[in-house]
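Asker: Generate a structure from the sequence data that follows.
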Amino acid sequence: MKLIAGLFGLHNFFDGDINSYIEISKTAEDIGFHGISLTDHVVMGKNLHKYPFGNFPLPSEAPWYEPLTVLTMVASHTTKLHLGTAVLIAPLRNPALLAKTAATIDTISKGRLELGVGMGWQEEEYHAAGVPFEKRSEIFWETLEICQLLWEKNQASFDGSIYKFEDIWCQPQPVQGADLPLLFGLKMTEKTAEKISDIGHGWIPIKTDEEFISNGKEFLQAAFNKNNRIDKPRIRGQLPTQVDDSGVPNLELTLKQAEKSIAAGLTEIEIFPINFVRSKDDIEPVLRAISDLSKL
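Answerer: Model prediction:
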C-alpha cells in the first residue's frame, strides 16, 4: 500500500517556517512513505463560506506557499520520496509554463513528480489570475492535454478552443515523459472518467465515503477498459477521520478504517498528520504509526 503524507499545516509547529518541510519529508522518506503532497491556493478571497466541503480551516490572510516551488526544495533534500500536489489548481497556470515547471522539477528529482490536479472552488482566484471562471472546465482539460503533448513531442502543435500554437519545442521534457502521473481531484462522472482514461493515471476522491469511492472506481475502471488501458487506475484518497468520545480526532480509530477504504477502491492512502498532531514532537510518532498501513 502506497502511503502519502499531506504536509498541509505542519510548518505551523515550527513558527511558520516552511523550511521545516525538509526535515519532515526526510523523516517520511526514512520511515518508508511513498510520497508527500502539498495543497494549493494562489490567492484567497473573503467568501470562505462558499467552501463546498464544510468549514474552511484557515482565515483568508493565512499564507499559502506555492506548492511546485516547495516541492523543488524538498526534491533537493530527498532521493526516493515522490513529490505530489493535492491538488494543484491547474487552470490558474499557463499550460506551457506549467509543462516547463513540472518537467524541470521532474528532472531535478530524477523522475519523482506526481501531479494531483483540480479546478478549485474559489472564483476570486480566477479573477486574480485573469482566467475566466465560467470557462474553467475547458481551460482545465486543455491545460493537461497541452502538458502531456509538450512532455512527449518535439515541434508540437495544438488547436483547441482556448489555446492554439504551432511548431514549438518545450525542453527539457520530464524524465517520466508523458507518463508523468496525473491524478484528478474531480467529482467522478462517466464523462470525467472517459477524459481521465485518455490522459490521466488516476483519481483523488473528494469524499472519504466508501460508497462514493466505490461508485467512482466503477466509472473509472469501465472507462479504462473501454479505452483498452492495461494498467489499473490509481485511486488515492483519505481515510474517514474518526473521533474519540470527547470529539477529538483519533489516529488509532482512523487507521482502523483502512481495510474498509481499500475494499471500497483505494489503492493509495493519503493522510494529513495535522489532524492528529498537537506539537512538533508528535510528528514523527504519528508518521510511524501511519507507516504500519504499508503492510496492508
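
Asker: The nearest residue to residue 212 once chain neighbours are set aside: what's it in contact with?
Answerer: In this structure, residue 212 finds its nearest non-sequential neighbour in residue 205, 6.3 Å apart by CB to CB, 6 or more residues apart in numbering. The C-beta positions use only the backbone N, C-alpha and C, and glycine is treated the same way. Applying CB atoms under 8 Å, 6 or more residues apart in numbering, we find residue 205 in contact with 188, 212-213, 216, 235, 237-238.

Asker: tell me, what residue is most central in the protein?
Answerer: For the chain, the residue whose C-alpha lies nearest the mean C-alpha position (CA atoms, centre = their mean) is residue 86; its distance is 2.4 Å.

Asker: Give the phi and psi angles for the closest residue to it other than its chain neighbours, as a check.
Answerer: Nearest residue to residue 86, sequence neighbours excluded (CB to CB, 6+ apart): residue 37, at 4.0 Å. Dihedral angles phi and psi of residue 37 (degrees, to the nearest 10) take the values phi -140, psi 160.

Asker: roughly how far apart are residue 37 and residue 14?
Answerer: Residue 37 sits 19 Å away from residue 14, taking CB to CB, to the nearest Å as the criterion.

Asker: Could you export the contacts of residue 205 as CSV, including pLDDT, neighbour count and secondary structure?
Answerer: Output for the contacts of residue 205, formatted as CSV (pLDDT from 0 to 100; neighbours: other CB atoms under 10 Å; DSSP: H, G, I helix; E, B strand; the rest coil):
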residue, pLDDT, neighbour count, secondary structure
188, 97, 22, coil
212, 97, 17, helix
213, 98, 23, helix
216, 98, 25, helix
235, 98, 24, strand
237, 98, 26, strand
238, 98, 22, coil
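
Asker: can you put the residues you listed in TSV and add distance to residue 268?
Answerer: Written out in TSV, the entries for the contacts of residue 205 read as follows (distance: CB to CB, whole Å):
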residue	distance to residue 268
188	16
212	16
213	12
216	14
235	7
237	8
238	10
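
Asker: what stretches of the chain score poorly on pLDDT?
Answerer: Using pLDDT under 70 as the threshold, the predicted model of the chain has no low-confidence range.

Asker: State the number of residues packed around residue 255.
Answerer: When neighbours are defined as other CB atoms under 10 Å, residue 255 has 19 of them.

Asker: Run a quick neighbour tally on the closest residue to it other than its chain neighbours.
Answerer: Leaving aside its sequence neighbours, residue 255 sits nearest to residue 293 (CB to CB, 6+ apart; 6.4 Å). Here the count is done by other CB under 10 Å, and residue 293 has 17 residues near it.

Asker: just to revisit the earlier point, look at residue 37 and residue 14 and report which has more neighbours.
Answerer: Relative neighbour count places residue 37 above the other of residue 37 and residue 14, with 25 against 15, counting by other CB under 10 Å.

Asker: where's the more buried one relative to residue 83, distance?
Answerer: Taken as CB to CB, the span from residue 37 to residue 83 is 8 Å.

Asker: Next: residue 141.
Answerer: 24 Å.

Asker: more crowded one of the two?
Answerer: Regarding residue 141 and residue 83, a neighbour count based on other CB under 10 Å identifies residue 83 as having more, with 25 against 20.

Asker: can I assume the more buried one sits in a helix?
Answerer: No: according to DSSP: H, G, I helix; E, B strand; the rest coil, residue 83 belongs to no helix; its state is strand.
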